[in-house]
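Undergrad: Build me a structure from this.
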Amino acid sequence: MSSPLTLQMLARSSLLKNEALAISALNMLPMELFPPLFKDAFKGKQTNILSAMVAAWPFRCLPVGALMKFHDLEILKAVLDGLDLLIQQKDRPSRSCKLEVLDFRDAHHNFWNVWAGTEDGVCSPDVIRETQPVVHHPERQGKVVVTVMMNLSLKSRHLCKCLKYFCWWAQQRKDVLQVICEKLEFGARPFYNPLELLEVFEPCCIQDLEVNAHWDLRTLAMLAPGLGQMKNLQKLRIKKIFMPLHSFWNQEMKQQCFRQIIFQFSQLNKLQHLYLNCVFFLNARLDQVLRNLHSPLETLAITRCALSESDMSYLSQCPNVHRLTHLDLSDVTFLNLSHPLLERLLERLTATLQILKLKGCMLMDFQIDVILPALSQCCQLVKVNFMKNFLSLTSLKKLLQHTANLTQLTLEMYPAPDEVYDDIGDVLPDRFNQCCSELLETLRAVRQPKEVYFVSKKCLDCRGFCVYYQKNAQLTPPQHFSTYACVFVLSHLTDPDSLKDVQVLKS
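TA: Numbering: from 1, shown residues only. Reported below is the predicted structural model:
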């Protein structure tokens, strides 16, 4: 049975039935009624009332993004029309708070929930304060600037109608508007110029940029000048950059693009987290990228990239990586690289490193032996991942015996030893269970593990992989430690890192 309507709900419903009365009453409406009334008008798509309420909004920030999806063009136009009304007003309404920030981010849900659920109209100051982002509002040509905040994830090759309309609208109001996009993600290779899109935003306000899906070198170079303007960028993720296939692309054109892109790293004064995945041009150029950085990195993830001997040599002594808390070199092949270089890198990170991922690096026994002394001193480690490497039972036992100092570890992922496979590479279940049980006992002899996985190579027939694991050892009786399971990977899942996202079938 639904709850009865309150008097306030009935009053709001009655007011919204008369559009002219509702709009004329806004200047006399108690500020406590604005959020629930706005929410009701929003649900009913009463666009004229919404526009009027935006212009009369009594708080400094309107967190409309918690209510709307950006692709609703009708609602977007109504909200922007209201902002136009506000901008055009010579004398803004005499209220204690006046709209300065229109927030399209999907955040501040608590603001609406608390206001809408408060019968007496009293809202905690904390709820109001949490929706007031700290924003500098400059004056342009003597006019007070209104701020629009948003985060964008552009998955399509085309700009949607709503974003096209917003960009057109914002370009016409540059003298009275600043648009702040703190997090920007480009998906598919665009059919538009990404630099033109950046002209709408304040580049120095972008803190998180992701280029994530098969851009070619030329498109990334097109974005490069905009990247250099992102003075406050803290996190940069670049994924899957490939070489254009056009025959007219000569070596000089490629080198020009390389220079355009790599130079911009010198402008990123506040970069702390750098993720480079499947970026082909990194090979033999890593020093050019890292040398240009001004401040130490906290995160460095170079994955599915080919690195040269000179790259690893520079990385092992680079001044900007000595404070790393997160190092991910997954799928960087170390077969043809000097193994002491990885040891030297870990030696520099013993005091700071918390996450280490060396998955799929084709590490072999002799390479693991070399890094063990440095690894055993990384006492801040919380997570390690050594899966998809070629290690014997003896080598894995050595590795586990050298983790006595790593008492902070909460998640450990190791490859199943080579001895668990038959001549054609299939897992022998009994041997798998026996070897992994030995490894777990070896580990428990030096410290009390929390969450540990031993993972086989993926089966070529069923596309699954075998996992021997222990979770929450301190809460589990010893006889339950040894569990053999086959994890069947869903067709879209290619990385067994996310074991919690797949179905585990215990035999």
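
Undergrad: What about N110, how many residues nearby?
TA: Other residues near N110 number 15, with proximity taken as other C-beta atoms under 10 Å. For every residue, glycine as well, the C-beta is placed using N, CA and C.

Undergrad: Show me what the helix or strand encompassing it packs onto, helices and strands only.
TA: According to DSSP states H and E, N110 maps onto helix 109-116. Packing partners of helix 109-116 (3 or more C-beta pairs under 8 Å, 6 or more residues apart in numbering; DSSP states H and E): helix 34-43, helix 125-129.

Undergrad: tell me which residues in the helix or strand containing N48 are buried?
TA: Element membership of N48, judged by DSSP H and E, is helix 47-55. For helix 47-55, the neighbour count (16 or more other C-beta atoms under 10 Å) marks 47, 49-55 as buried.

Undergrad: go on, stretch 423-438?
TA: Across stretch 423-438, burial judged by 16+ other C-beta under 10 Å covers 427, 431-433, 435-436.

Undergrad: go on, stretch 222-230?
TA: 222-224, 226-230.

Undergrad: Just the residues contacting stretch 69-83, thanks.
TA: By C-beta atoms under 8 Å, 6 or more residues apart in numbering, the surrounding residues in contact with stretch 69-83 are 42, 45, 47-48, 50-55, 64, 68, 102, 104, 146, 148, 150, 160-163, 165-166, 169.

Undergrad: which of the residues in it are buried?
TA: 70, 75-83.

Undergrad: can you map out the strands along the stretch 251-400 of the chain?
TA: Ranges of strands within the stretch 251-400 of the chain are 273-279, 299-303, 326-328, 355-357, 383-385, based on DSSP state E, counting those that start in this stretch.

Undergrad: Over to the stretch 401-507 of the chain?
TA: 411-415, 451-455, 464-471, 484-488, 503-506.

Undergrad: picking that back up, between the buried residues of stretch 222-230, which is closest to R285?
TA: Distances from R285 to those, taken as C-beta to C-beta, are shortest for A224 (14.5 Å).

Undergrad: Name the helix or strand for the closest one, please.
TA: A224 belongs to helix 217-228, assigned by DSSP H and E.

Undergrad: quick check, distance from that helix to the centre of its chain.
TA: Here helix 217-228 is found 20 Å from its chain centre; the criterion is C-alpha atoms, centre = their mean, to the nearest Å.

Undergrad: Same question for stretch 80-90.
TA: 35 Å.

Undergrad: Could you list the low-pLDDT ranges of the stretch 1-150 of the chain?
TA: Scanning the stretch 1-150 of the chain for pLDDT under 70 picks out the ranges 1-5, 70, 90-97, 115-144.

Undergrad: Which helix runs longest in this protein?
TA: Longest helix in the chain, counting residues (DSSP state H): helix 429-446.

Undergrad: export that helix as CSV, just CAs?
TA: Provided in CSV are the C-alpha atoms of helix 429-446 (Å, rounded to 0.1, in the frame of the first residue of the first chain):
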residue,chain,number,x,y,z
PRO,A,429,43.4,-31.9,-12.3
ASP,A,430,45.0,-34.1,-9.7
ARG,A,431,48.4,-32.7,-10.3
PHE,A,432,47.0,-29.2,-10.3
ASN,A,433,45.4,-29.7,-6.9
GLN,A,434,48.5,-31.3,-5.5
CYS,A,435,51.0,-28.6,-6.7
CYS,A,436,48.8,-25.7,-5.6
SER,A,437,48.2,-27.3,-2.2
GLU,A,438,52.0,-27.5,-1.8
LEU,A,439,52.3,-23.8,-2.8
LEU,A,440,49.6,-22.7,-0.3
GLU,A,441,51.3,-24.6,2.5
THR,A,442,54.6,-23.0,1.6
LEU,A,443,53.0,-19.6,1.8
ARG,A,444,51.3,-20.3,5.1
ALA,A,445,54.6,-21.4,6.6
VAL,A,446,56.0,-17.8,6.2
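
Undergrad: roughly how far is it from the heart of the chain?
TA: Averaging C-alpha positions (C-alpha atoms, centre = their mean) puts helix 429-446 36 Å from its chain's average.

Undergrad: and it with strand 411-415, angle?
TA: Here helix 429-446 runs at an angle of 140 degrees relative to strand 411-415 (axes from the mean of the first three to the mean of the last three C-alpha atoms, to 10 degrees).

Undergrad: same for the helix holding A224, what does it pack against?
TA: helix 194-198, strand 208-216, strand 235-242, helix 251-264.

Undergrad: Looking at those, spot the one closest to M387.
TA: The nearest among those, by C-beta to C-beta, is strand 235-242 at 20.4 Å.

Undergrad: Look up the residues forming beta bridges with C61.
TA: Beta bridges link C61 to V101, judged by DSSP bridges.

Undergrad: Ok, F186 next?
TA: L154, V211.

Undergrad: who touches it in this structure?
TA: F186 touches 154, 194, 210-213, 215, 223, counting by C-beta under 8 Å, 6+ apart.

Undergrad: switch the cut-off to 10 Å
TA: 152-155, 194, 197, 209-213, 215, 219-220, 223, 238 (C-beta atoms under 10 Å, 6 or more residues apart in numbering).

Undergrad: do F38 as well
TA: 12, 49-50, 53-54, 57, 62, 64, 67, 112, 115-116.

Undergrad: Now with 7 Å, please.
TA: By C-beta atoms under 7 Å, 6 or more residues apart in numbering, the contact list for F38 reads M53.

Undergrad: Backbone dihedrals for T407, please?
TA: Here the main-chain torsion angles of T407 (degrees, to the nearest 10) amount to phi -80, psi -10.

Undergrad: which one is it nearest to, not counting chain neighbours?
TA: Leaving aside its chain neighbours, T407 sits nearest to R447 (6.0 Å; criterion: C-beta to C-beta, 6 or more residues apart in numbering).

Undergrad: Just the buried residues of stretch 210-217, please?
TA: Result for stretch 210-217 [16+ other C-beta under 10 Å]: buried residues 210-212, 215-217.

Undergrad: Provide the contact partners of it at residue level.
TA: Counting by C-beta under 7 Å, 6+ apart, 185-189, 220, 237-244, 254, 257, 281 sit against stretch 210-217.

Undergrad: change it to 8 Å
TA: 184-189, 220, 223, 236-244, 254, 257-258, 261, 281.

Undergrad: Just the buried ones out of these, please.
TA: Neighbour counting by 16+ other C-beta under 10 Å classes 184-187, 189, 220, 223, 236-241, 254, 257, 261, 281 among the contacts of stretch 210-217 as buried.

Undergrad: now the strands of the stretch 251-400 of the chain as CSV including distance to H339 and mean pLDDT?
TA: What follows is the strands of the stretch 251-400 of the chain, written out as CSV (distance: least, C-beta to C-beta, whole Å; pLDDT from 0 to 100):
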stretch, distance to H339, mean pLDDT
strand 273-279, 22, 96
strand 299-303, 17, 98
strand 326-328, 16, 98
strand 355-357, 16, 98
strand 383-385, 18, 98
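
Undergrad: could I get the ones you listed as JSON lines with mean neighbour count?
TA: Shown next, in JSON lines, are these (neighbours: other C-beta atoms under 10 Å):
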{"stretch": "strand 273-279", "mean neighbour count": "20"}
{"stretch": "strand 299-303", "mean neighbour count": "19"}
{"stretch": "strand 326-328", "mean neighbour count": "21"}
{"stretch": "strand 355-357", "mean neighbour count": "20"}
{"stretch": "strand 383-385", "mean neighbour count": "21"}
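
Undergrad: Quick one: closest of these to N292.
TA: It is, among these and with distance given as C-beta to C-beta, strand 273-279, at 11.4 Å.

Undergrad: Low-confidence stretches in the stretch 301-450 of the chain?
TA: In the stretch 301-450 of the chain (pLDDT under 70), no residue qualifies.
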